[in-house]
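[1] sequence first, then the predicted structure:
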Amino acid sequence: MLGKDHEAGLTAVERALSLNASCATALYFGSVIHAFAGHAAEARSNADRALRLSPFDPMAYGAHLALGVAYLLETRYDEAAPHFARAVQANPRFSTLYFFEAALLGLAGRQEEARPIVQRLLELEPGFRLRMIFEVGLVQNLADRFAEGARIVGLPE
C-alpha cells in the first residue's frame, strides 16, 4: 500500500481471503487498499464486512478510513465526515487520520469545524507538510482532492 503497488496488495488480500474468507485483518487491509486505489464500492464492501466480523478490532480505524475515502470519492462529504471522525476516535495517536478528517471538512466547506482537528494534527506531528500525503499510496486524483481540502483549512505546504 505504501509502496503504491495496489495490485500487489490486493493480490495478497485476495490470497488471504481465499485461505480464510472470514479474516477480518485481510478485509481491513483490503478496504484501505481499495479506497486508496480509488475503488469506492470494493472499499465499502470490505470495510462493512470487516466491521461485521470484528467490530472492536484494533484495525477498525482502517475500515472507517476506507469508508470515508469511499464517500469522498463520490463527493458525499456529509456521509464521509463521521467515518473520518470514527477513524480518529479509534486510533487517536495516528496523526494521518487527522489530516484526512481535516481535509474532508475543508472540501465540505466546514473550515471552522476543522480548526481543532488541524491543531491536533500539528501537535502530534509538528513537522507535517502537505507534500507528505503524496507518499501514502493514494491514486493521484484522490491525493489531489485531499490536498485541495488541506489547502482550504490552511495546512502547511
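    Received the coordinates, thanks.
[2] and for the spatially most central residue of the chain, nearest residue in space, chain neighbours not counted?
    Central residue of the chain (CA atoms, centre = their mean): L65, 3.3 Å from the mean position. Nearest non-adjacent residue to L65, counting by CB to CB, 6 or more residues apart in numbering: A87, 4.5 Å away. Heads up, the C-betas are built off the backbone N, CA and C, glycines and all.
[3] now for the helix or strand harbouring the one you found, which elements pack on it?
    Using DSSP states H and E, A87 falls within helix 77-90. Using 3 or more CB pairs under 8 Å, 6 or more residues apart in numbering; DSSP states H and E, the elements in contact with helix 77-90 are helix 60-73, helix 95-107.
[4] re earlier: so the residue nearest to L65 makes contact with F100?
    Yes - A87 is in contact with F100 according to CB atoms under 8 Å; the separation is 7.2 Å.
[5] overlap in contacts, these two.
    Here A87 and F100 share the contacting residues L65, G68, scored by CB atoms under 8 Å, 6 or more residues apart in numbering.
[6] okay, which residue of this structure is out on the far edge from center?
    Computed with CA atoms, centre = their mean, the residue of the chain farthest from its C-alpha average is L19, at 26.2 Å.
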